[in-house]
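Enquirer: Need the 3D shape of this:
(one chain, ligands or ions: 2)
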Amino acid sequence: MSKMKKGVRLERISKIYQDPKSGKDFYAVKDTSLTIEPGSFVTLLGPSGCGKTTTLRMIAGFESPDEGEIYLGEEAINALTPNKRDTAMVFQSYALLPHYNVFDNVAYGLKLRKVPKEEIHSRVMRILDLVELTGMEGRMTNQLSGGQQQRVALARALVIEPSVLLFDEPLSNLDAKLRVSMRTEIRRIQQEVGITAIYVTHDQSEAMALSDNIIIMNHGVVAQMGTPQEIYYHPVNEFVADFIGEANFLKGMMTGTDGDHALLDVGNSKARVPSKEGMRIGEEYTVVLRPESAYLAEQGGLPCKVILSCFMGSYQNYHVMVGNTLVKLTDYNPKNKRIYQVGEECSLVFDPESVHIL
Ligand code: ADP
Ligand code: MG
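Expert: Numbering: from 1, shown residues only. Ligands and ions are numbered 1, 2, ... in the order given. Down below sits the predicted model:
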């Protein structure tokens, strides 16, 4: 495909729905601005009901925003119907035509667009090759497995050569193992074609595995946008930290500084943490500690008491109390390590560089 890649821009987009129970209006999406770079793979991630599908459907043109403007490349597209938008959507339900075979399902959009017959044939065959369905052209869609149906749905979207591919939880109907292999496939195909992709999911590992950038949504607004690493290591708030991976939150009052580090009073002991701009002595801060970024030792860290110690194979799972705060730890590769038992008093150690301050 030799088309120019296009990005997508949302400028202060809102969508208002009426709550069917109370009859009151509410913002399903509120004052949201986003820039999606051409050729990138971006995931909208967030809990059920946070406005992901609504955002995607506004980009596709199935819903129109009540406020704001959507741009595809440089073009404002609010007034365009879905088929004029140069986007294609892959649905969770596949939405295949049941009485058509694979070839005709994929060819359908090209026939609608009055593409010449020979060109349809060559384009469909090339796309079937890309999604690894060569030889299946004559099969009826009800003779296909879930994974194969999803490939047909993907082929059908790709064959019209849209500038932007939209996905709404496309793997939710597949079993766990197939989901993992299909997401690798989707990423490979997106990179091969070089298309801009916007992908909706509530599954954080899917978002991590697929994305150049992740947009975390909550209650109709963007909580954070960034690379998977930025979001994991530098979450902007407790919601984001908790939604991506597991997180412990240690609260402590700043009591001073130590070179480049700040000192926090956590559980009656001093914790060295990275200092961040604007931190002030006497204020309380929250330390985000990932379960894999701390370990137990005899001494040298925050005093703690083990309340759970469980062998999980690849790691030892610990729960410890630091003062009144529960901290969960995953200590990988425990085979030749000292294992701490329930009831032991020990020390929680972490490198200041491996925690994040909110
Ligand atoms: P998500 O895809 O993140 O789960 P949605 O975008 O589907 O969330 O929905 C956002 C909110 O808007 C939810 O509270 C949902 O119930 C509501 N909603 C979605 N579609 C409609 C509609 N057509 N009419 C009224 N409310 C809707
Ligand atoms: Mg949804």
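
Enquirer: The strand or helix carrying Val152: which residues count as buried?
Expert: Secondary structure assignment for Val152, by DSSP states H and E: helix 146-159. For helix 146-159, the neighbour count (16 or more other C-beta atoms under 10 Å) marks 147-159 as buried. (Glycine included, C-beta is placed from N, CA and C.)

Enquirer: Show me what it is packed against.
Expert: Identification of packing neighbours for helix 146-159 by 3 or more C-beta pairs under 8 Å, 6 or more residues apart in numbering; DSSP states H and E yields strand 87-90, helix 102-112, helix 117-130, helix 176-193.

Enquirer: can you list the buried residues of helix 146-159 in CSV and add pLDDT?
Expert: Formatted as CSV, the buried residues of helix 146-159 follow (pLDDT from 0 to 100):
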residue, pLDDT
Gly147, 86
Gln148, 89
Gln149, 90
Gln150, 88
Arg151, 89
Val152, 92
Ala153, 90
Leu154, 88
Ala155, 90
Arg156, 92
Ala157, 88
Leu158, 88
Val159, 90
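
Enquirer: which one of those residues is nearest Cys346?
Expert: Checking those against Cys346 by C-beta to C-beta gives Gly147 as the nearest, at 47.6 Å.

Enquirer: Identify the residues contacting the closest one.
Expert: Leu174, Leu178, Ser181, Met182 (C-beta atoms under 8 Å, 6 or more residues apart in numbering).

Enquirer: Would you reformat those residues as CSV and include neighbour count, pLDDT and distance to Gln224?
Expert: Formatted as CSV, the contacts of Gly147 follow (neighbours: other C-beta atoms under 10 Å; pLDDT from 0 to 100; distance: C-beta to C-beta, whole Å):
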residue, neighbour count, pLDDT, distance to Gln224
Leu174, 19, 82, 28
Leu178, 16, 85, 30
Ser181, 12, 87, 29
Met182, 19, 86, 27
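
Enquirer: Could I get the contacting residues of the residue nearest to Asp212 when sequence neighbours are not counted?
Expert: Nearest non-adjacent residue to Asp212, counting by C-beta to C-beta, 6 or more residues apart in numbering: Ser40, 4.4 Å away. The contact partners of Ser40, by C-beta under 8 Å, 6+ apart, come to Gly7, Thr196, Ala197, Asp212, Asn213.

Enquirer: No further queries at this time; thank you.
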